[in-house]
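Asker: okay, sequence plus prediction incoming.
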Amino acid sequence: MAGRIPQWRTSSYSGGGDCVEVAPLGNAIGVRDTKVVDSPTIALPPAAWAHLIARAGR
């Protein structure tokens, strides 16, 4: 995805003041802090993202 700007959106799993944004990054899912636009990004493989979402719902 070189040269493409990620399309960040607020995760539907965020709530309250502790929100995260997510964006597709080619073969990974990017996660960053909503409140800090230039915050570090964590890039998770799709399987790890699915596992995180499954655990977050508990």
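Answerer: Here it is on my side, so go on.
Asker: do you know the pLDDT at residue 56?
Answerer: Here the pLDDT value assigned to residue 56 is 79.
Asker: ok, it to residue 31 distance?
Answerer: 11 Å (C-beta to C-beta, to the nearest Å). Heads up, the C-betas are built off the backbone N, CA and C, glycines and all.
Asker: neighbour count: the two, which is higher?
Answerer: Using other C-beta atoms under 10 Å as the criterion, residue 56 and residue 31 rank with residue 31 on top: 20 against 10.
Asker: in what helix or strand does residue 22 lie?
Answerer: Here residue 22, judged by DSSP states H and E, is contained in strand 20-24.
Asker: buried set for that strand?
Answerer: Of the residues in strand 20-24, 20-23 count as buried by neighbour count, 16 or more other C-beta atoms under 10 Å.
Asker: which neighbours does whichever helix or strand comes after that strand have in its sheet, and in what orientation?
Answerer: Downstream of strand 20-24, the first helix or strand assigned by DSSP H and E is strand 29-33. Looking at strand 29-33 with DSSP bridges, its partner strands are strand 20-24 (antiparallel), strand 42-44 (antiparallel).
Asker: fine by me, we can end here.
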